[in-house]
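**Student:** can't give you the sequence, but here's the structure:
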């Protein structure tokens with residue numbers, strides 16, 4: 001495994017861990033709370049996660065995955081291509097689904113409309129992150 005692959009795989013693994021924590025702990029806990037309380041907590045979490053550490057991890061992993069994808073294409077390495085695509089697909093899910101839902105919730109959107117879609121997208125991006133890690137190690 002090259003240093004570039006290691007950076008992308010490590011970042012994807014860390015992000016996958018964040019997404020897993022949401023899936024197995026945060027979201028089940030929020031489902032047990034009244035909707036207004038769950039929405040307020042999620043808005044607070046969404047504000048808190050926009051911080052330098054998470055942004056470097058999130059954006060840095062996407063850049064590393066893009067580089068893995070490009071080098072995989074240039075060298076004809078299908079597993080590297082797959083790893084890069086998987087990790088970047090998780091980034092796209094976040095940008096196309098989770099972040100817009102977060103923004104809608106911040107503007108007063110309803111928890112009932114937010115939670116099911118956000119949860120499904122979270123599961124998908126988590127699975128894509130894990131897939132990227134697995135492909136990196138094959």
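**Tutor:** Yep, that arrived. Nothing here was measured: the structure is a model prediction, and the numbers come from that model.
**Student:** Point out where the chain drops to low pLDDT.
**Tutor:** The chain contains no residues with pLDDT under 70.
**Student:** element containing the residue nearest to the spatial centre of it, please.
**Tutor:** The residue lying closest to the centre of the chain (C-alpha atoms, centre = their mean) is residue 125, at 4.8 Å. According to DSSP states H and E, residue 125 maps onto helix 111-137.
**Student:** Provide a list of residues in contact with the nearest residue to residue 68 once chain neighbours are set aside.
**Tutor:** With C-beta to C-beta, 6 or more residues apart in numbering as the criterion, residue 68 has its nearest non-adjacent residue at 4.1 Å, and that residue is residue 84. Any C-beta I mention is one placed from the backbone N, CA and C, and that applies to glycine too. Shown in contact with residue 84 (C-beta atoms under 8 Å, 6 or more residues apart in numbering): 8, 65, 66, 67, 68, 69, 70, 72, 132.
**Student:** and if you look at residue 56?
**Tutor:** Residues near residue 56 by C-beta under 8 Å, 6+ apart: none.
**Student:** Helices of the protein, residue ranges please.
**Tutor:** All helices of the chain, identified by DSSP state H, fall at 3-21, 27-31, 35-49, 52-75, 78-93, 99-106, 111-137.
**Student:** Mean neighbour count, those helices: which tops it?
**Tutor:** Mean neighbours per residue, mean count of other C-beta atoms under 10 Å, is largest over these for helix 78-93, with a mean of 21.
**Student:** returning to that earlier point: what's the angle from the helix holding residue 125 to helix 99-106?
**Tutor:** 150 degrees (axes from the mean of the first three to the mean of the last three C-alpha atoms, to 10 degrees).
**Student:** Now do the contacts for the closest residue in space to residue 1 that isn't next to it in sequence.
**Tutor:** Nearest residue to residue 1, sequence neighbours excluded (C-beta to C-beta, 6+ apart): residue 136, at 6.6 Å. Contacts here follow C-beta under 8 Å, 6+ apart; on that basis residue 136 touches 1, 5, 6, 8, 9, 12, 68, 79, 80, 83.
**Student:** Understood, closing this out.
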